[in-house]
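# fold the following for me, if possible:
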Amino acid sequence: MEQGAEVASIEGFTRTAPLFAAWIYGQHGTQYTLKNGHSVDLVNLLKTGIVNGTNPEHAEYWGAMHNYQQSIVEAADVALVVWLTREYIWDTLEEKQKNNIATWLRQVNGKKIPASNWHLFVIQVNAVLGSLGQPYDAKVTQNSYQRIKSFYVGDGWFKDGDAQDRSTYDFYNAWAFHYHLQWINKIQPTLDEIFIRESLQAFLSNYQYLIGTHGIPIMGRSACYRLAAPAPLIFGQSIDQQSISSGVAKRSLDATWQYFIQQSALSDGNITQGYCGKDTKILEPYSGPASCLWSLRSLIVAFSQPINSTFWQSQPQLLPIEISDYKKTIPAIGWTVIGNKKSADITIQVAGNSLERTQLSLKDIGFYDRIMEIITQKSRRPKNYEVKYNLKEYSSSEPYCDCIKM
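Residues are numbered from 1 along each chain as shown. A predicted model of the protein is given here:
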């Protein structure tokens, strides 16, 4: 990982904690019993981690934040956990503990960050601070939100930054943009609620055709987050059943997890670092051993739904790919999505791209770079963006990483 083992270890907590917090928030319980019969106190687990991690006097302190540091990203998940469990944790804390948490979170303000989806993390942290009655930076929140909104290109899609090339469009729209915007809307509904909801509805009108029973037509970076793909559909069904029904959203979650588990997405209690199983060729330099736990985001949204909600009470319904063939265009980003019911294949055709899969191959990390990774404890992986963004087509049956089990 680019930022070393210390930040990677923080991700291990921050990317799993929202799952437990969502379980509590959705009234599924505060205890969880493992298969071996051991019961885990989820409230105590989360409380201990957050209190110690934000305490500068504790050995497990997460440390000060610096420009472009990964902990700015992770702070958004810490804030979300605090908000989801506020009745169970925040309200029980001593004043000093609350001050430590708020002080650590406020460090996201004033730091230099990439002009990309990173602005969402700053917005979410400040939204949570404000909801808890803590000092926050309203100006920073508005500035970051306006940057995010400036990335909107229509049809529910955002480009990931200021660049105009095609490499700004990928599945980050699902597991970053709309994921965070929906949490932000729940936490601070006065922040442009109409746009946030309407952009999600527009997104779901075409995005649902990208979810299949045999994976997704993966393209772009961070393919290891693939299990998070259903997250915006689950949010959508809780807002407007006309945009997406609970049954379709539930089926998207079931189909995605069933398929990728069959393709070795889980191993040794963790999400594997690849599209199917482990595949370091598709990993980004910023991906660490716990980074792939962003894949849990679809489950986080699901568990945040109340146990008696329509989502959990509904029966799964067929996905579009299970009903008929289709050809859908997304003009704003130049994609044509083609579904074949018989083969269950979903293909993205990217306007302006002309390279065939056979013309490019993923570059693997070289021997020298592997040695340097061991010495420096930092990633030396190639980005492989040409393969991830510049192909003419991306297919769920023939992903660019060539890993499907037959």
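# what's in contact with stretch 349-356?
Stretch 349-356 is contacted by residues 166, 219, 334-338, 386, 390-394 when judged by CB atoms under 8 Å, 6 or more residues apart in numbering. Every C-beta, even on glycine, is put in place using the N, C-alpha and C of the backbone.
# switch the cut-off to 7 Å
By CB atoms under 7 Å, 6 or more residues apart in numbering, the residues outside stretch 349-356 that reach it are 166, 334-336, 338, 390-393.
# list the buried ones in it?
349-350, 353 (16 or more other CB atoms under 10 Å).
# picking that back up, now the contacts of stretch 349-356: which count as buried?
Buried by 16+ other CB under 10 Å: 166, 335, 338, 390-391, 393, out of the contacts of stretch 349-356.
# and the spatially most central residue of the chain, how close does it get to Gly339?
With distances taken as CA atoms, centre = their mean, the residue of the chain nearest its centroid is Trp175 (3.4 Å). For Trp175, the distance to Gly339 (CB to CB, to the nearest Å) stands at 21 Å.
# Tyr389 too?
Tyr389 is 22 Å from Gly339, by CB to CB.
# please apply the same query to Ile187.
With distances taken as CB to CB, Ile187 is found 35 Å from Gly339.
# before we move on, the earlier item: what is the nearest of the buried ones among the contacts of stretch 349-356 to Lys111?
Arg166 (29.2 Å; CB to CB).
# what does the top helix by length along the chain contact?
The longest helix of the chain (DSSP state H) is helix 246-262. Residues outside helix 246-262 that contact it (CB under 7 Å, 6+ apart) are 208, 211, 213-215, 226-227, 229-230, 233-234, 236-237, 298, 302, 310-311, 314-319.
# same question, stretch 48-57
With contact meaning CB under 7 Å, 6+ apart, stretch 48-57 is reached by 13, 17, 58, 60-62, 78, 81-82, 97, 100-101, 104.
# just stretch 276-283 next, same as before
So stretch 276-283 is contacted by 223-224, 263-265, 267, 272-275, 362, 364-365, 381, 384, 401, 403-404 (CB under 7 Å, 6+ apart).
# and the strands in the stretch 201-350 of the chain, which stretches?
Remark: strands assigned in the stretch 201-350 of the chain by DSSP state E, counting those that start in this stretch are 266-267, 270-271, 326-330, 335-340, 345-350.
# which one of Tyr389 and Gly339 is surrounded by more residues?
With neighbours defined as other CB atoms under 10 Å, Tyr389 and Gly339 compare such that Gly339 has more, 24 against 21.
# what's downstream of the helix or strand of the chain with the lowest mean pLDDT, the next helix or strand?
When the helices and strands of the chain are compared on mean pLDDT, DSSP states H and E, helix 367-376 comes out lowest with a mean of 66. Sequence order places helix 385-389 as the next helix or strand after helix 367-376, per DSSP states H and E.
# so where's the stretch 101-250 of the chain shaky on pLDDT?
For the stretch 101-250 of the chain, the stretches with pLDDT under 70 are 163-167.
# swap in 80 and give it another go.
The model of the stretch 101-250 of the chain has pLDDT under 80 over residues 162-168.
# before we move on, the earlier item: save the buried residues of stretch 349-356 as CSV, and put in pLDDT too.
Listed next are these as CSV, based on pLDDT from 0 to 100:
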residue, pLDDT
Gln349, 97
Val350, 96
Asn353, 92
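# on that earlier part again, could I get the strands of the stretch 201-350 of the chain as JSON lines with distance to Gln201?
Conversion of those to JSON lines gives the following (distance: least, CB to CB, whole Å):
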{"stretch": "strand 266-267", "distance to Gln201": "32"}
{"stretch": "strand 270-271", "distance to Gln201": "29"}
{"stretch": "strand 326-330", "distance to Gln201": "14"}
{"stretch": "strand 335-340", "distance to Gln201": "18"}
{"stretch": "strand 345-350", "distance to Gln201": "21"}
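# follow-up on the earlier one: farthest pair in the contacts of stretch 349-356?
Farthest pair in the contacts of stretch 349-356, by CB to CB: Ile338 and Asn390, 18.9 Å.
# show me where the stretch 1-150 of the chain has its strands.
Under DSSP E, counting those that start in this stretch, the stretch 1-150 of the chain gives strands at 31-33, 39-41.
# circling back to that earlier point, C-alpha coordinates for the longest helix of the chain, PDB please?
Extracted in PDB, the C-alpha atoms of helix 246-262 (Å, rounded to 0.1, in the frame of the first residue of the first chain):
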ATOM      1  CA  SER A 246     -37.400  -4.000  -2.800                       C
ATOM      2  CA  GLY A 247     -37.500  -7.400  -4.500                       C
ATOM      3  CA  VAL A 248     -35.100  -6.400  -7.300                       C
ATOM      4  CA  ALA A 249     -32.800  -4.700  -4.800                       C
ATOM      5  CA  LYS A 250     -32.800  -7.800  -2.600                       C
ATOM      6  CA  ARG A 251     -32.200 -10.000  -5.600                       C
ATOM      7  CA  SER A 252     -29.200  -7.900  -6.700                       C
ATOM      8  CA  LEU A 253     -27.600  -8.300  -3.300                       C
ATOM      9  CA  ASP A 254     -28.300 -12.100  -3.200                       C
ATOM     10  CA  ALA A 255     -27.100 -12.700  -6.800                       C
ATOM     11  CA  THR A 256     -23.900 -10.600  -6.300                       C
ATOM     12  CA  TRP A 257     -22.800 -12.200  -3.100                       C
ATOM     13  CA  GLN A 258     -23.700 -15.700  -4.200                       C
ATOM     14  CA  TYR A 259     -21.800 -15.400  -7.500                       C
ATOM     15  CA  PHE A 260     -18.600 -13.800  -6.100                       C
ATOM     16  CA  ILE A 261     -18.500 -16.200  -3.200                       C
ATOM     17  CA  GLN A 262     -18.500 -19.000  -5.700                       C
END
